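Asker: Below is the sequence, then the predicted model.
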Amino acid sequence: MTDQLERDLRALFAEDAERAPAAGALADDARRRARRHRRSRMAWGAGALVAASVTAVAVLGGTALRDAPTVEQAATSSPTSRPSGALPMGPLGEVVSCAFGYSPREVGRSAFAFDGTVVAFGPAHSDRPRGVLHHVGVTFTVSEWFAGGSGPTVTVDMPQPGGWSEDGLVTYGLGSRLLVSGDHRWGGTTMADAIAGYCGFTRYYDEATADSWRAATR
Amino acid sequence: MGFEEYVAEQGQSLLRLAYVLTGDAHRAEDLTQTALADAYRHWGRITAARRPDAYVHRMLINAHLDWHRRRSSTERPTDLAGWEPPATIDPAEGIASRDQLRQVLATLPPRARTALILRYYADLDDAGIADAMGVSVSAVRATTSRALATLRGSGVVADLTETS
């Protein structure tokens, strides 16, 4: 049965919809925006190519999680090629919009942020029947909590290392030291539904970035 | 169907939904373009989907909720238990217009408001709303039922009935 409130909600939303602006060149604008997005990714990709190639060799060897190599192993031949910047992990085929670009300030608004080293992989813990991301649960030993958590270890869901993402090959493994920020996928209040942020919100560790996260979350 | 053809057919409808969600023309346009840019990048996958329109709607809803999530990491999307109407809404003073209902709606958590819009504007059933928002059907039922209870508790219903 439809009650008065439901009828009023229908009328109100219909009234609001009538006030919507007219669609102009939506298709052209969307294409332009998509091209800008692609160009920015290509620019980032060129800079990251050398670093990615080192770790790519390491992770392409196999997809079994237990065989995931360490970044240290990959980097021993050339210490200067240690990966830096954003972890390429935009989800392939998932419905995700990078509506907010990465900045330390935006990290400050994330549900959690920490500096940690990958020590184990396991099954994802945030999937539900209607929301499956095909991620893995990645356990970190935490060097420092910036926001949203406590304790020496934490597990968050992330794309599997060695897989392909929208940003390229997902290049990290056991021993990788990462700066991870993210959100509670289902609005929880504990780390039980924690998922690492895409779009630059999960990054390879470097001291300057860690400092900026510390300042943003103070 | 090509991307351009899709936008020509569905663009205005998407923009209307975005406007109802945001209540702001600029943000509605930005949200629609964000969703369509995502759609353009994945167009091959979208046209292969059983219901391309639902796919694009999900992109739009996701971008909308993502915006709110980034604005407030403290939001509890499906938990309205602790939420109370703001003190300025006093049932004793009466709420006599849709504008006031609009004000009460604006105080709801974004996910609750989005669920109501998908039900009463987009005419989606619980499963459709769950699909669009990426949550379970039971979460949709709990969220909408709490949101409606909150609106009823604010005195909106009685006053709207009296003035309609």
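Answerer: Cool, the structure landed. Numbers count the residues shown, from 1 in each chain, chains lettered A, B, ... in the order given.
Asker: Next, find the distance separating the most centrally placed residue in chain B from residue A:176.
Answerer: Centroid-nearest residue in chain B: residue B:114, 2.1 Å away (criterion: C-alpha atoms, centre = their mean). From residue B:114 across to residue A:176, the span is 36 Å (C-beta to C-beta, to the nearest Å). (C-beta placed from N, C-alpha, C; glycine too.)
Asker: Could you do residue A:83 as well?
Answerer: Applying C-beta to C-beta to residue A:83 and residue A:176 gives a distance of 8 Å.
Asker: part of a strand, is residue A:121?
Answerer: Yes. According to DSSP: H, G, I helix; E, B strand; the rest coil, residue A:121 belongs to a strand.
Asker: Quick one: neighbours of residue A:104, just the number.
Answerer: 17 (other C-beta atoms under 10 Å in any protein chain shown).
Asker: who's in contact with it?
Answerer: A:209, A:212-213, A:215-216 (C-beta atoms under 8 Å, 6 or more residues apart in numbering or on different chains).
Asker: Of these, just the buried ones, ChimeraX syntax please.
Answerer: Only the buried entries of those go into this ChimeraX selection, using 16 or more other C-beta atoms under 10 Å in any protein chain shown:
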select /A:209,212,213,216
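Asker: Which ones among the contacts of residue A:104 map onto helices?
Answerer: Applying DSSP state H to these, the entries found in helices are A:209, A:212-213, A:215-216.
Asker: need the residues you listed in TSV with pLDDT, can you?
Answerer: As requested, those are arranged in TSV below (pLDDT from 0 to 100):
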residue	pLDDT
A:209	95
A:212	95
A:213	95
A:215	93
A:216	91
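Asker: and of those, the nearest to chain B?
Answerer: Nearest to chain B among these is residue A:216, at 12.3 Å by C-beta to the nearest C-beta.
Asker: Using the record's domain definitions, break chain B down for me.
Answerer: B:1-74, B:88-164 (automatic domain parsing).
Asker: Burial check on residue B:34, number of neighbours?
Answerer: 24.
Asker: my guess is it meets residue B:64, correct?
Answerer: No. Using C-beta atoms under 8 Å, residue B:34 makes no contact with residue B:64, being 9.0 Å away.
Asker: What residues of stretch A:199-218 count as buried?
Answerer: So stretch A:199-218, judged by 16+ other C-beta under 10 Å, has buried residues A:199-205, A:209-210, A:212-213, A:216-217.
Asker: Could I get the full set of helices for chain B?
Answerer: Using DSSP H, the helices of chain B run over B:3-22, B:25-41, B:43-48, B:52-71, B:98-106, B:110-120, B:126-133, B:137-153, B:156-163.
Asker: Need those helices in JSON lines (columns: distance to residue A:23 and mean pLDDT).
Answerer: JSON lines is the format used below for the helices of chain B (distance: least, C-beta to C-beta, whole Å; pLDDT from 0 to 100):
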{"stretch": "helix B:3-22", "distance to residue A:23": "4", "mean pLDDT": "88"}
{"stretch": "helix B:25-41", "distance to residue A:23": "8", "mean pLDDT": "84"}
{"stretch": "helix B:43-48", "distance to residue A:23": "18", "mean pLDDT": "76"}
{"stretch": "helix B:52-71", "distance to residue A:23": "13", "mean pLDDT": "81"}
{"stretch": "helix B:98-106", "distance to residue A:23": "23", "mean pLDDT": "82"}
{"stretch": "helix B:110-120", "distance to residue A:23": "19", "mean pLDDT": "93"}
{"stretch": "helix B:126-133", "distance to residue A:23": "20", "mean pLDDT": "87"}
{"stretch": "helix B:137-153", "distance to residue A:23": "29", "mean pLDDT": "88"}
{"stretch": "helix B:156-163", "distance to residue A:23": "32", "mean pLDDT": "52"}
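Asker: Turn these into CSV, columns for distance to chain A.
Answerer: Shown next, in CSV, are the helices of chain B (distance: least, C-beta to the nearest C-beta, whole Å):
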stretch, distance to chain A
helix B:3-22, 4
helix B:25-41, 3
helix B:43-48, 6
helix B:52-71, 4
helix B:98-106, 5
helix B:110-120, 4
helix B:126-133, 6
helix B:137-153, 6
helix B:156-163, 5
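Asker: Out of those, which is closest to residue A:192?
Answerer: Among the helices of chain B, the nearest to residue A:192 by C-beta to C-beta is helix B:137-153 (15.3 Å).
Asker: Return the distance of the closest one from the chain's centre.
Answerer: The chain centroid and the centroid of helix B:137-153 are separated by 13 Å under C-alpha atoms, centre = their mean, to the nearest Å.
Asker: Same check on stretch B:45-61?
Answerer: Offset of stretch B:45-61 from its chain centre (C-alpha atoms, centre = their mean): 17 Å.
Asker: start to end distance for it?
Answerer: End-to-end span of stretch B:45-61 (C-alpha to C-alpha, to the nearest Å): 18 Å.
Asker: list the buried ones in that stretch?
Answerer: The neighbour-count check on stretch B:45-61 (16+ other C-beta under 10 Å) flags B:46, B:52, B:55-61 as buried.
Asker: Outside of it itself, list whatever touches it.
Answerer: If you take C-beta under 8 Å, 6+ apart as the criterion, stretch B:45-61 is touched by A:93, A:95, A:97, B:1, B:6, B:10, B:14, B:17-18, B:21, B:31-32, B:34-36, B:38-39, B:114, B:118, B:122, B:128, B:131-134.
Asker: I'd say residue A:154 and residue A:116 touch.
Answerer: Yes. Look at residue A:154 against residue A:116 with C-beta under 8 Å: they come within range, at 6.8 Å.
Asker: Having no further points to raise, I will conclude here.
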